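Novice: Have a look at this fold, sequence not included:
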Ligand code: CP
């Protein structure tokens, strides 16, 4: 699973039905019994790696977390040859994060098993988008005609890119909000609007997804935008929160940077859903792994 366009709308809905089942049931520690999973993270992670390990354990898999620094990649082995080696050992699922867009797809082409993209460069982060959308669905029941604003550094955000695919697949209206440097007009498409003025959308959105400025992805051009300019236009603070509809929820994939894209007021806001997103991440990842390995079942 490289991105959400690998899934039909019906498959996304099936994964959410299984997510709900896993959320409401004791961990079924047999669904990945006698299967081995390997987590290979070439970039830092707190949420994604931990929740994948928990998900794999709760499904009964043999779980391996390999630090790339300790692997034979350091001796010159090509990743394609590592993939052949791991498949020969009986690894069923590789969960991969890498700073290079397209890296998980390259591995998938060499690996005889399932590859789950846990975030590749600026390209995609499908399981984050699934847990974000699951959180919205629990709130609203359906996303049809709901308006979701994704705010900030859209250009460098793999989370935004996967969310756009998933939200459109489920019938939501997406409005992308950000300055020109983070949001080229080319993002505008069917079902996706582009808006420069954050204040203009506050009163007519059902959910806001805030994004971190991903400076590690444009380190060569640090002057692209100053924190001061960003804060003035796009930080969600008490004054902007006061203008939201009462039922609007606010989300963030994490990690968030206090004082930049959000003020501390957001953490006290009744509609702040960050902890619920993280909570849902384990069950969504259980559902994704179960779907890939066991395909569809009637158990939900
Ligand atoms: N949201 C997310 O991918 O967080 P981590 O980088 O901590 O995994």
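Specialist: Nice, thanks for sending it over. For clarity, every value in this text was computed on a predicted model and none was experimentally measured. Residues are numbered from 1 along each chain as shown.
Novice: What separation is there between the residue lying closest to residue 287 once chain neighbours are set aside and residue 295?
Specialist: The shortest distance from residue 287 to any non-neighbouring residue, by CB to CB, 6 or more residues apart in numbering, is to residue 18 (3.8 Å). Bear in mind the C-beta positions are built from the backbone N, C-alpha and C, glycine included. Residue 18 sits 11 Å away from residue 295, going by CB to CB, to the nearest Å.
Novice: who has more neighbours, these two?
Specialist: Between residue 18 and residue 295, counted using other CB atoms under 10 Å, residue 18 has the larger neighbour count: 24 against 8.
Novice: count of neighbours near the nearest residue to residue 260 once chain neighbours are set aside?
Specialist: Leaving aside its sequence neighbours, residue 260 sits nearest to residue 227 (CB to CB, 6+ apart; 5.9 Å). Residue 227: 14 surrounding residues under other CB under 10 Å.
Novice: Isn't residue 227 up against residue 261?
Specialist: No: Residue 227 is beyond contact range of residue 261, at 10.0 Å (criterion: CB atoms under 8 Å).
Novice: Now do the shared contacts for the two.
Specialist: Residues touching both residue 227 and residue 261 (CB atoms under 8 Å, 6 or more residues apart in numbering) are residue 213.
Novice: Enumerate every residue touching residue 229.
Specialist: Contacts for residue 229 (CB under 8 Å, 6+ apart) come out as residue 179.
Novice: The spatially most central residue of the chain in helix, strand or coil?
Specialist: For the chain, the residue nearest the mean C-alpha position is residue 128 (1.8 Å; CA atoms, centre = their mean). When classified by DSSP: H, G, I helix; E, B strand; the rest coil, residue 128 comes out as helix.
Novice: so what's it up against?
Specialist: 48, 119, 158, 159, 162, 163, 253, 281.
Novice: What confidence value was assigned to it?
Specialist: We note a pLDDT of 98 for residue 128 in this prediction.
Novice: sorry, back to before: among the contacts of residue 128, pick out the one closest to the ligand, please.
Specialist: Comparing these against the ligand with CB to the nearest ligand atom places residue 48 closest, at 3.2 Å.
Novice: chain center to the one helix or strand in the chain whose mean pLDDT sits lowest: distance?
Specialist: Scoring the helices and strands of the chain by mean pLDDT, DSSP states H and E places helix 227-234 at the bottom, with a mean of 95. How far helix 227-234 lies from its chain's middle: 24 Å, per CA atoms, centre = their mean, to the nearest Å.
Novice: Give the next helix or strand downstream of that helix.
Specialist: Elements were assigned by DSSP states H and E; along the chain past helix 227-234, the next helix or strand is helix 238-241.
Novice: Would you tell me whether the longest helix along the chain gets close to the ligand?
Specialist: When the chain is parsed with DSSP state H, its longest helix is helix 274-294. No: taking CB under 6 Å from any ligand atom as the criterion, helix 274-294 and the ligand are apart, separated by no less than 8.2 Å.
Novice: and that helix, how far from the chain's centre?
Specialist: 11 Å.
Novice: what are the ranges of the strands in the protein?
Specialist: For the chain, the strands defined by DSSP state E occupy 36-41, 62-66, 91-98, 114-120, 147-151, 173-177, 192-195, 207-210, 249-251.
Novice: give me the low-pLDDT residue ranges for this protein?
Specialist: 220, 222, 297-300 (pLDDT under 70).
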